[in-house]
Structures are given as structure tokens and as C-alpha cells.
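K.L.:
Mind looking at a prediction? Sequence and model below.
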Amino acid sequence: MSSCDSPALMKGLVPLEDARAVLAERALQYGTLAQTETVAIHSALTRVLAETITSQINVPSFDNSAMDGYALRLIDCQQHITSLGKIELIVSQRITAGDAPELLIDNTCARIFTGAAVPENADMVVMQEQCEVTESGQVIFPTDLVDAKPQQNIRPAGQDITIGQILFQPGRILRAEDLGVLASMGFSQVKVQTKLKVAVISSGDELVEPGNPLSPGKIYNTNSFTLIGLLQRMGMEVVGPFFAADTLADTQSVLTQASAEADVIITSGGVSVGEEDHIKAAISSGGELEMWRLAIKPGKPFALGQFNHTPVIGLPGNPAAVVVTFYQLARDFLWAVQGADVQPLLVLKGTATFATKKSIGRTEFLRARFNDGDIEIFNNQSSGVLSSSSWGDGFACVPAGKLISVGDDIEFYTLTTAHGHG
Ligand SMILES: Nc1nc2c(c(=O)[nH]1)N[C@H]1C(S)=C(S)[C@@H](COP(=O)(O)OP(=O)(O)OC[C@H]3O[C@@H](n4cnc5c(N)ncnc54)[C@H](O)[C@@H]3O)O[C@H]1N2
Ligand code: MOO
């Protein structure tokens, strides 16, 4: 347990870890909501593997040269020390990358290039900088080769991957490097989970779509776009975004459409106590809705439910609370029902460059930057201030009930896993 999982100190609030545990359990009950499909490896980035990948070959599949130089047999060197104490061999073949070499003729060497197959009976490659080529084409090698250990500058078959080796298990979120590794084993396509379809729903009479003029009392719908970006970063497919007008009938109709098209629905707003909102009633009318008051700030109100058997995650409306609750709660649930191995966000330890004035009974996730071990926070931490999230690289965690002084060691939640995923 990290210090940021500290239990809620305020009565009636659900500790973050308890909420995360319930979400994980629900995800387990739903199981993987995606299907499987086979895709070309060039379009498999961030896709979730749905098969075990076992190498059918050694990589590399043959011994090859690590240097441009000369391949030889050490035994020949020992027999070819001239009266002047030099080792001289003639070149009997030239092997470039892609060639199939012949066995090395006794008492000769082969001109060889990086990546080229080493003749089966050669046991060393000497880099060309250590050799001298005579006018007659003989190669003079350094005399200390007599005592050299074999296999130098030879990359053995299977050095990277051995035949039968299991490289990846189902659930792996494929990275760029993985695509290269798959290619190195000769896979041109892989079986992956289909992209989880996630419907994004916003509602609220104050919302106007960007591109339209704002009239008094209105604001632009921002949450849909933040959520679209967060989901796309996870390689998921966005359904919608939908906008539900502030009537029960319209909200029900949007939820019906979303539940028919998506594997999961995410809403933002309408999960607090106000009555000017139909999200809660509409979800309950088509399924179930649990409302939580979480011991975190921002992000106190949070909902989990289902509409027509499609899971619904209800994030609070405040734009910075959307980001915090997405990373702390929605993210793991989504990865789990996508069929992925859920990897935690990377948490770094750093030094606070700020102080907090009052402690609250909720764990705070302050929008912050991590600079060389120092943790700096944005100057306005209101949950309506989305530019704090855009400015920050992650969250400084202030455990519930704690005061932070400058110089304190605290935790910083990055927005990425150790593997670089969202
Ligand atoms: N009496 C109480 N009032 C509030 C409480 C409370 O406990 N008691 N909690 C506050 C907290 S904390 C939060 S967070 C918000 C959450 O409220 P809702 O989830 O019901 O969200 P709304 O009221 O619909 O909106 C809150 C805020 O966010 C703006 N918003 C909503 N959707 C969008 C969108 N798509 N794009 C941009 N901005 C959006 C909305 O205009 C409001 O300003 O409740 C507090 N109140
Ligand atoms: O906790 Mo609310 O989510 O501050 O904005």
C-alpha cells in the first residue's frame, strides 16, 4: 500500500483503494468485453495480445559477424606466425550480409562484413582496424591472436531469442519494440483483442460544442475531448461522443444507443447531488447505478453502474476531476475489460517544492510537474481548472490528513506505466 492509498478520514467517504478493489472485481465479473481479431504487426501498436507468442526460430538464426573484418580459424594463426612474428593469411572468400558462406579453406581467412554469416568452421572475426592488408592481398593479423579466446566478434545463433522461447503472453499491451521483436521472429500478423468500444457521453444545458459561439452562461464541452484523447491513447475506439440534452427521455435514448454500440459507457457530470440532471435517473431506469463519495480530491462523486448490461462509469463533471478519476479508477477497469494485463501507473518519489496549508480528510491529487526529483504544483488546484492538468505531467499526492512542507518526500503519479503505456 502506498501512502496515497491511506484510508478515508471523513465519515461516509469511500477510500480510493476500496473503490479500486470494487472496480477490479466488477471488471473480473464482466471478463474481457472485446473479441479477437488478427492484425498486421504494423498496425498492432498498443493492441492487446490475444495469443501466446512462441518463437519458431533462433534469432539470429545463424552465427554472424559483429564487425567488418576477417573471419578465421585460430588454429591457422598459431601455424602461420612468420619469421617476423606476424600472422599472415590469404583471403579465400568474401562474405557480405545475405550471403551463404562456404567452409573456410585451411590456412585462409574470409573477408566478412557486419551481419554476414560466419563460416561454420571459423571461430573468430578480427575487426579490420586491427589488420593490415599487403599489396599482394595477404592479411596480416596481430600476433596476440595466438592466445586469443575463440568466438570473439561472432554473434551466435539464438543470441537474441532461442527457438521455442515464449516471448509474450496474452494480455500484453504491444509496444513499438514488441513489433520489432515479432518481426524478428518472422511474425507478420498477430491475434489481438478488438479495440474496446467506449462511448463518451456529456450532458448539461451549459455545454456548447467547440466551433460555436458562446452565449451567456454557456461553456464549451471539454470533457468529451479529454476523454476521447485518453481513450485513444489507450488504443481504444471511441463511440460517439454523445450529447444528452437535459431531459430524461433524451438521456435514456442516448444511453440506449450508446449501450447498443459500445462495450463500456463513460459519462461525465451529473453524479453529484444537484437535481438538474437526468443521468442518474436514466441509468437507473435501464439497469443499476451505485453512487460513491470517494475520499479523494478532486473526484469525490463517482458512479458505477450498467445500462442494458453495458457497464457505465460516471465521472464527475469538473474537468480536472475527470482526469484524476479517469487515471485513478476508470483506466484500470477499461484495461481489464479490454483483456489487458493491468499495469499500475509509475509512481516516483520526489521532494515537495510547495507546502499545503490545511489537511483534508481526502487524498489529494494535485496537478504537478516532476523536475529532476523536485515536485512542483500548478498555482490553481480548483477542479474546474483543466489547464492545471494540461500544464502538469502527473499528480502530486497528498495523503488524507497530512500537511506537506517544502522538502518533504512525497509521491508523484506519472501518467504512464513503467512500459510507457497510458
Ligand atoms: N452540494 C454539493 N455540490 C457539489 C458537491 C457536493 O458534494 N455537494 N460536489 C462537488 C464536486 S466535488 C464535484 S466534482 C461536482 C461534480 O458534479 P457533477 O458530477 O454532478 O457535475 P456537474 O454538476 O454536471 O458539473 C460540474 C462542473 O463541471 C462542468 N462540466 C460538466 N460537464 C462538462 C463538460 N462535458 N465539459 C466541460 N465542463 C463540464 C459543469 O459545467 C460544472 O461546472 O459537484 C460539486 N458540487
Ligand atoms: O472533488 Mo470535485 O471532483 O472537486 O471537483
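P.N.:
Ah, there it is. Numbering: from 1, shown residues only. Ligands and ions are numbered 1, 2, ... in the order given.
K.L.:
Remind me which helix or strand Arg26 belongs to.
P.N.:
Following DSSP states H and E, one finds Arg26 within helix 16-30.
K.L.:
So which elements touch that helix?
P.N.:
strand 301-307, helix 331-338 (3 or more CB pairs under 8 Å, 6 or more residues apart in numbering; DSSP states H and E). (Each C-beta comes from the backbone N, C-alpha and C, glycine too.)
K.L.:
In PDB, list the C-alpha atoms belonging to it.
P.N.:
Output of helix 16-30 as PDB, limited to C-alpha atoms (Å, rounded to 0.1, in the frame of the first residue of the first chain):
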ATOM      1  CA  LEU A  16      -9.800   5.100  -3.100                       C
ATOM      2  CA  GLU A  17      -8.300   1.600  -2.600                       C
ATOM      3  CA  ASP A  18     -11.700   0.200  -1.700                       C
ATOM      4  CA  ALA A  19     -13.300   1.800  -4.900                       C
ATOM      5  CA  ARG A  20     -10.400   0.400  -7.000                       C
ATOM      6  CA  ALA A  21     -10.900  -3.000  -5.500                       C
ATOM      7  CA  VAL A  22     -14.700  -3.000  -6.300                       C
ATOM      8  CA  LEU A  23     -13.900  -1.800  -9.900                       C
ATOM      9  CA  ALA A  24     -11.300  -4.600 -10.300                       C
ATOM     10  CA  GLU A  25     -13.800  -7.200  -9.000                       C
ATOM     11  CA  ARG A  26     -16.500  -5.900 -11.400                       C
ATOM     12  CA  ALA A  27     -14.100  -6.000 -14.300                       C
ATOM     13  CA  LEU A  28     -13.400  -9.600 -13.400                       C
ATOM     14  CA  GLN A  29     -17.100 -10.400 -13.400                       C
ATOM     15  CA  TYR A  30     -17.500  -8.800 -16.800                       C
END
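K.L.:
Where do the strands of the stretch 101-250 of the chain begin and end?
P.N.:
Along the stretch 101-250 of the chain, counting by DSSP state E, counting those that start in this stretch, strands occupy 108-112, 124-127, 132-133, 139-141, 154-155, 166-168, 189-193, 197-203, 207-208, 219-220, 237-244.
K.L.:
The first one packs against which elements?
P.N.:
Spelled out, that is strand 108-112. Against strand 108-112 (3+ CB pairs under 8 Å, 6+ apart) you get strand 69-72, strand 87-95.
K.L.:
deepest of those, which one?
P.N.:
Ranked by mean neighbour count, those are led by strand 69-72 with a mean of 26 (mean count of other CB atoms under 10 Å).
K.L.:
Output it as CSV, nothing but the C-alphas.
P.N.:
C-alpha atoms of strand 69-72 as CSV (Å, rounded to 0.1, in the frame of the first residue of the first chain):
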residue,chain,number,x,y,z
GLY,A,69,36.8,-7.6,-40.7
TYR,A,70,38.2,-11.0,-41.3
ALA,A,71,36.9,-14.4,-40.2
LEU,A,72,39.5,-17.0,-39.4
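K.L.:
Now the element after it, going C-ward?
P.N.:
Using DSSP H and E, the next helix or strand after strand 69-72 towards the C-terminus is helix 74-79.
K.L.:
what helices or strands is that following helix leaning on?
P.N.:
Using 3+ CB pairs under 8 Å, 6+ apart: helix 74-79 touches strand 87-95.
K.L.:
Quick one: mean pLDDT for the strand it packs on?
P.N.:
Mean per-residue pLDDT for strand 87-95: 95.
K.L.:
Tell me the residues of the protein that contact ligand 2?
P.N.:
Lys297, Pro298, Gly299, Lys300, Pro316, Asn318, Ala321, Ser383 (CB under 6 Å from any ligand atom).
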